[in-house]
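**Q** using only what follows, build the 3D model:
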Amino acid sequence: MFDYISVKQASDKWGISKRRIQKLCEENRINGVVRFGRVWAIPKDAPKPADSRLKENRKKGR
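**A** Residues are numbered from 1 along each chain as shown. Now for the predicted structure:
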């Protein structure tokens, strides 16, 4: 498990709440995320997903 970080570690790294990261994992918005029982494993090199709730980050045509 050296190539993965926990939700808590991702929260500290990206500056967003643990709950928000859990929701991003559930929605498959983080590439390479894996679930082991009740625990999410996030790849160390995964980029912070864009916040689609903000207008400037939405895809064109929506």
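
**Q** got the end-to-end distance for stretch 39-54?
**A** One end of stretch 39-54 sits 28 Å from the other (C-alpha to C-alpha, to the nearest Å).

**Q** chain center to that stretch, what's the gap?
**A** Relative to the centre of its chain, stretch 39-54 is centred 2 Å away, using C-alpha atoms, centre = their mean, to the nearest Å.

**Q** stretch 45-60 too?
**A** With C-alpha atoms, centre = their mean, you get 11 Å for stretch 45-60.

**Q** identify the residues contacting it?
**A** Here stretch 45-60 makes contact (C-beta atoms under 8 Å, 6 or more residues apart in numbering) with 10, 13, 14, 16, 24, 29, 30, 31, 32, 33. No exception for glycine: its C-beta is placed from N, CA and C like everyone else's.

**Q** could you do stretch 10-23 as well?
**A** 5, 7, 8, 30, 40, 42, 46, 48.

**Q** phi, psi of the fourth one?
**A** In other words, residue 30. phi -110, psi 120 (degrees, to the nearest 10).

**Q** most neighbours among the contacts of stretch 45-60, please name it.
**A** residue 10 (26 neighbours; other C-beta atoms under 10 Å).
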